[in-house]
Structures are given as C-alpha cells and as structure tokens.
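Peer 1: model the structure of this input:
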Amino acid sequence: MAQKTVDKTSGFCKSNSIFYSKRKPIPLPQNHSVDVTTFISSRAHTGKIAFIDASTGRHLTFPELWRAVHSVASYLSDMGIRKGHVIMLLSPNSIFFPVVCLAVMSLGAIITTTNPLNTTREIAKQIADSKPVLAFTTRQLVPKLAGSTLPIVLIDDDLHNNAQKDAKVVSSLDEMMRKEPRGSQVRDRVNQDDTATLLYSSGTTGASKGVVSSHRNLIAMVQTVLSRFGLEEGEQRFICTVPMFHIYGLAAFATGLLASGSTVVVLSKFEIHDMLSAIRKYGATYLPLVPPILVAMVNGADEIKAKYDLSSLRSVLSGGAPLSKEVIEGFLDKYPRVQILQGYGLTESTGVGASTDSLEESRKYGTAGLLSPSIEAKVVDPDSGEALAVNRTGELWLRGPTIMKGYFSNAEATSSTLDSEGWLKTGDLCYIDEDGFIFVVDRLKELIKYKGYQVPPAELEALLLSHPEISDAAVIPFPDREVGQYPYAYVVRKAGSNLSATAVMDFVAGLVAPYKRIRRVTFIASIPKNPSGKILRKDLIKLATSKL
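Peer 2: Next comes the predicted model:
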C-alpha cells in the first residue's frame with residue numbers, strides 16, 4: 001500500500017486527493033453496545049444545572065434530568081415501546097424536549113422531530129413516511145395531528161386538565177416523569193450502528209427525506225462539540241436560540257453540551273429582546289445564532305448596549321451561511337470582548353462538518369472553517385468526477401464518523417448522495433485553500449435558505465402547478481439582507497387567466513409553513529429549461545438579480 005504523505009498546512013494528500021482534518025482526531029467508545037444517552041450520562045463533570053427555561057426560570061439540575069429520562073424510558077417500555085419503534089416529537093423548544101429525546105434513544109427507539117410551524121398537511125406527509133407509533137406534543141399543537149390516529153402524550157399539560165376531551169391523549173410527560181424509574185429493566189441491546197434519529201431534510205434536492213443518523217453519528221458529534229468549545233474551563237452557559245428539532249439544536253443543545261456539564265438556557269421561540277435579556281439574567285457566555293441576527297446586533301449595537309448588559313458574553317457561534325468581512329469586523333468593533341466562531345454542516349453530517357474555533361480562524365474572511373475532527377474531504381469536479389487539489393473549485397464531499405447512514409426507505413436518494421466508499425456529496429461548490437480552510441462558493445443543490453430554514457423549490461413548484469390557472473412555474477432563491485434568501489416564483493399563467501401575484505402568494509401561504517411562503521411573483525411567457533426538461537434556475541436567478 002502506498003505511503004500517504006499529508007501536507008501539514010493544507011491537510012491535502014497528493015496520492016489519493018483527500019483532504020484530512022488538521023484537528024485532533026476524536027476518540028469513539030470501544031464498547032460497541034452503547035447508546036448515545038448512556039454515553040452522555042456516563043461523562044464525568046462538575047455541572048449543576050442542565051436546563052433553564054428563559055421565560056419562567058424553571059430549571060432541571062443534572063440529577064433531575066437523568067431521573068426524568070429514566071422515568072420516561074421506564075414508562076415507555078411499559079407501554080411496549082421497543083428498539084426500532086419511531087416516536088414523533090412535535091414541540092417548540094422546551095427544557096423537556098431533551099428529556100423525551102434522551103429517553104426514547106436510550107431504549108433504541110428512534111426520534112423523529114418536526115417543525116411546529118409545519119402545516120397539518122406537511123406533518124401528515126412525514127407521519128406517512130416515518131410511521132411513528134406515538135407522538136409527543138403540546139396542548140396547542142394537538143390540532144396539527146388532526147387526521148392521524150397516533151396516540152398522543154402531552155408535554156406541557158397534566159392529564160387531568162380537561163384532557164379527557166381528546167381520546168387520542170394517552171398520557172402526559174408529567175405523569176411519565178412521576179414514575180419510579182426501575183433499577184433494572186429488560187431492554188433491547190442497542191449498538192452504535194443502530195438508528196437514533198430520523199430528521200427530515202431536503203438533502204441536496206427535491207422533497208423532504210428522512211435522514212437516518214446512528215448512535216455512533218451522535219456520539220461522534222458529542223465528541224466534536226466537546227473538543228470544539230474546550231469546555232473544561234469552568235461552567236459555561238449557552239443560550240439556545242436555535243430550534244431543537246433541527247440537527248444543530250438537537251446535536252448540540254438537546255444532547256452534546258450535557259456531556260460537558262454546561263447549562264443550556266432555553267428560549268421557547270426566538271425573539272431578539274428575550275435573547276438579549278436572557279444573556280444578562282443568566283450570565284450567558286455563548287450565544288449561537290444565524291447571520292441575520294448577527295447583522296441585527298451590529299446594526300442596532302448602540303441601542304442594544306445602552307439597554308442590555310452583555311458583559312458575560314464571550315463567544316457567538318454563527319451557522320447557516322458564511323459571514324462577510326464587513327459583518328465580522330463590524331461586530332468585533334461594536335463588541336470587542338466577544339469572539340465569533342462559525343460552523344458549516346448539514347443534517348446529513350449530523351451537524352458540524354467544518355468550523356472556525358477561534359477568532360484568528362474566523363478572520364479568514366468568508367471561510368466555513370477547517371474540517372471537523374476525524375472528517376475527510378474531497379473536492380470533486382462535478383463534470384469530470386476528478387478529485388481536485390488545493391484552491392480548485394468543485395463539489396465538496398465529506399466522509400467520517402458523523403456522516404448519516406442514508407435516507408429512510410429511499411435507496412435511490414441514498415445512492416445518489418452517498419457513494420459506496422461512504423462519501424457524502426454535499427451539493428456545495430467549494431475550494432479548500434493552502435491552509436486547509438473551506439470556502440463555499442455556490443450551491444449545486446437548489447435549496448433556498450430562509451433565516452437558516454431549508455426551503456426546497458421543487459416542493460413549492462409542485463404546489464404552484466396544482467393551481468388551476470397556472471401552466472408552469474419555477475422558484476428561485478432571491479438574496480435578502482434580513483433573511484438570507486427568500487422564495488421568488490416565476491409563473492406562467494394559463495391562457496385567458498388574470499391571476500394576480502397576490503393571489504399566487506396567498507394560495508401557497510395557505511398550504512405551507514410561514515418560512516416557505518413565496519414573497520415575490522413575476523409572470524413570464526415560458527420557463528427556461530435545458531433539453532432534458534430541467535429548469536435553468538441560474539438563468540432565472542440572473543434575470544431576477546440583474547434588476548438589483
């Protein structure tokens with residue numbers, strides 16, 4: 001076998017055209033029979049409080065958290081929940097969200113989360129695909145499960161509060177947590193290769209697909225999170241602004257950070273005033289956010305600093321899109337004591353695939369960072385399939401212990417995204433520079449990123465085509481400083497139709513979550529397509545942005 005020589009500066013190996021991570025590799029447990037819940041709970045730390053509800057101040061200490069997890073697991077086990085069963089969790093952020101996730105995964109059952117903003121129709125689609133046997137949700141969100149026969153456990157309500165009206169409600173989390181946890185219970189043996197989560201992502205293209213992540217994927221992510229933040233330096237407090245149903249929220253805030261003894265301050269929904277108040281109230285040291293919030297903090301800095309005490313804050317963590325030089329320097333100018341860390345990742349890579357872990361690294365402007373520990377990358381020419389060297393642009397492929405097992409019940413989508421050697425084709429056009437930093441240039445994939453949420457154009461196009469007065473449609477991302485990108489539709493009306501742009505937007509708004517709404521419509525004679533019928537989105541993007 002040829003000796004591989006890896007360039008220490010870039011991480012590139014000429015003999016196999018692979019970029020290797022320059023970060024220290026992460027250790028994975030030798031014991032194959034370990035689930036992520038057991039792995040996290042067995043980590044030694046000196047932390048006292050695990051979760052605090054930012055609005056009420058209610059909190060869970062680490063002993064209370066683990067007792068609750070064991071009680072809920074015992075209760076679920078008595079209900080007949082077994083390894084491989086899928087459990088749906090439909091809830092905004094709460095200090096109990098992690099309790100449900102950890103209890104379910106400890107049994108070898110699989111958690112599937114869904115966005116509370118999704119419509120009943122969108123949720124029904126996910127239920128039909130993932131086939132859960134039970135759903136946890138809040139009293140307010142029960143109507144979103146209308147039409148499904150799923151038994152329901154209420155997260156935020158005691159059973160005895162008028163719950164009898166709904167026959168589908170079988171228990172409450174409160175009741176489950178009151179159960180005396182069994183010292184020993186018969187459980188199916190859970191292996192690191194077993195499926196832990198089934199989160200829905202649009203992947204590189206098209207409709208939403210279930211991303212199958214294993215216990216090993218999540219354990220590797222826990223180790224990555226711990227190594228990234230160097231959390232041994234005393235007790236850290238994180239504000240959880242990101243949704244826990246999303247991979248970033250689930251991997252870091254509902255699971256990973258618990259292993260360090262850090263405290264997570266939970267906002268049930270994002271509101272900038274609540275976030276800034278919580279920083280002072282709870283002495284937060286870390287603030288995760290998406291670029292539009294960072295921009296708002298720069299633009300409103302004078303007013304914010306006059307009104308809020310942010311002196312405890314040490315770092316902000318930005319993800320979703322790279323930050324420009326202007327934004328980074330503007331932020332550091334206004335908040336000189338706070339460092340900016342950035343991250344790049346996908347649901348398919350269980351969160352972070354690359355990151356900047358210091359201010360010095362973040363000052364490589366426009367970078368997504370260095371490869372995460374134990375991650376390998378290739379930059380592949382999309383046309384020839386050739387693996388490229390330093391400073392050459394191609395599609396980024398990733399491989400490593402956090403890469404998903406595949407898409408749920410979708411062999412075709414899996415084989416087009418994961419190759420036989422375990423490489424994940426990210427759909428992002430990138431280059432890696434001579435120092436090993438990744439720069440995302442463009443997206444091969446067609447996702448629109450609205451405030452960090454994924455919006456697949458194909459889904460909106462299918463809805464538009466179901467309108468009786470529309471003969472063809474294409475949806476593109478339109479750049480916007482506030483939200484990143486929003487969906488912009490080009491629509492071909494049927495002959496004789498006087499359909500208005502407002503009517504088109506209202507039609508779609510009635511069928512999708514608010515973040516997927518079309519914000520702008522232009523009527524056009526025909527949609528440009530290539531000979532095989534694929535929409536030439538780049539042409540439409542050029543047309544739309546030429547007027548800027």
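Peer 1: neighbours around residue 247, how many?
Peer 2: Number of residues near residue 247 (other Cβ atoms under 10 Å) recorded here: 27. Glycine gets a C-beta too; all of them are placed from N, C-alpha and C.
Peer 1: what residues are up against it?
Peer 2: Contact partners of residue 247, counting by Cβ atoms under 8 Å, 6 or more residues apart in numbering, are 199, 201, 211, 345-347, 350-351.
Peer 1: so the residue lying closest to residue 523 once chain neighbours are set aside bridges to which residues?
Peer 2: Beyond its immediate neighbours in the sequence, the residue positioned closest to residue 523 (Cβ to Cβ, 6 or more residues apart in numbering) is residue 491, lying 5.5 Å away. Per DSSP bridges, the residues bridged to residue 491 are residue 473, residue 523.
Peer 1: residue 464 is in contact with residue 491, correct?
Peer 2: Yes - using Cβ atoms under 8 Å, residue 491 is in contact with residue 464, at 6.5 Å.
Peer 1: before we move on, the earlier item: redo the contacts of residue 247 as a markdown table? Include secondary structure.
Peer 2: Listed next are the contacts of residue 247 as a markdown table, based on DSSP: H, G, I helix; E, B strand; the rest coil:
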| residue | secondary structure |
| --- | --- |
| 199 | strand |
| 201 | strand |
| 211 | strand |
| 345 | strand |
| 346 | strand |
| 347 | helix |
| 350 | coil |
| 351 | strand |
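Peer 1: now the phi/psi pair for residue 52, please.
Peer 2: Listed backbone geometry of residue 52 is phi -130, psi 130, with angles given as degrees, to the nearest 10.
Peer 1: distance of the residue lying closest to it once chain neighbours are set aside relative to residue 313?
Peer 2: Counting by Cβ to Cβ, 6+ apart, residue 52 lies nearest to residue 59, which is 4.4 Å off, once chain neighbours are set aside. Plainly put, residue 59 is 20 Å away from residue 313 if you go by Cβ to Cβ, to the nearest Å.
Peer 1: which one's more surrounded, the two?
Peer 2: Each of residue 59 and residue 313 has its neighbours counted (other Cβ under 10 Å); residue 313 has more, 22 against 18.
Peer 1: got the contact list for that one?
Peer 2: Residues counted as contacts of residue 313 (Cβ under 8 Å, 6+ apart) are 279, 284-287, 335, 337-338.
Peer 1: check for me that residue 441 belongs to a strand.
Peer 2: Yes - the secondary structure assignment for residue 441 places it in a strand, going by three-state DSSP.
Peer 1: excluding covalently adjacent residues, which one is nearest to it?
Peer 2: The shortest distance from residue 441 to any non-neighbouring residue, by Cβ to Cβ, 6+ apart, is to residue 429 (4.7 Å).
Peer 1: my guess is the one you found is in a helix, correct?
Peer 2: No - assigned with three-state DSSP, residue 429 falls outside any helix and is strand.
Peer 1: pretty sure it is touching residue 388, no?
Peer 2: No - because the distance of 11.2 Å does not satisfy Cβ under 8 Å, residue 429 is recorded as not touching residue 388.
Peer 1: need the residues touching each of the two.
Peer 2: residue 394.
Peer 1: quick one on the thing from earlier: quick one: the residue nearest to residue 441 from residue 382, how far?
Peer 2: Counting by Cβ to Cβ, the gap from residue 429 to residue 382 is 8 Å.
Peer 1: more crowded one of those two?
Peer 2: Neighbours of residue 429 and residue 382, each counted by other Cβ under 10 Å, are more numerous for residue 429; the result is 18 against 13.
Peer 1: check contacts around that one.
Peer 2: With contact set as Cβ under 8 Å, 6+ apart, residue 429 has these partners: 382, 393-396, 440-444.
Peer 1: biggest separation within these, which pair?
Peer 2: 382 and 440 (14.5 Å; Cβ to Cβ).
Peer 1: for the stretch 351-500 of the chain, which segments count as helices?
Peer 2: Using DSSP state H, counting those that start in this stretch, the helices assigned to the stretch 351-500 of the chain run over residues 359-362, 411-417, 457-465.
Peer 1: redo these as JSON lines? Include distance to residue 528.
Peer 2: Compiled in JSON lines, the helices of the stretch 351-500 of the chain are given as follows (distance: least, Cβ to Cβ, whole Å):
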{"stretch": "helix 359-362", "distance to residue 528": "39"}
{"stretch": "helix 411-417", "distance to residue 528": "24"}
{"stretch": "helix 457-465", "distance to residue 528": "14"}
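Peer 1: pick the most buried one from those.
Peer 2: Ranked by average neighbour count under the criterion mean count of other Cβ atoms under 10 Å, the helices of the stretch 351-500 of the chain are headed by helix 457-465 at a mean of 19.
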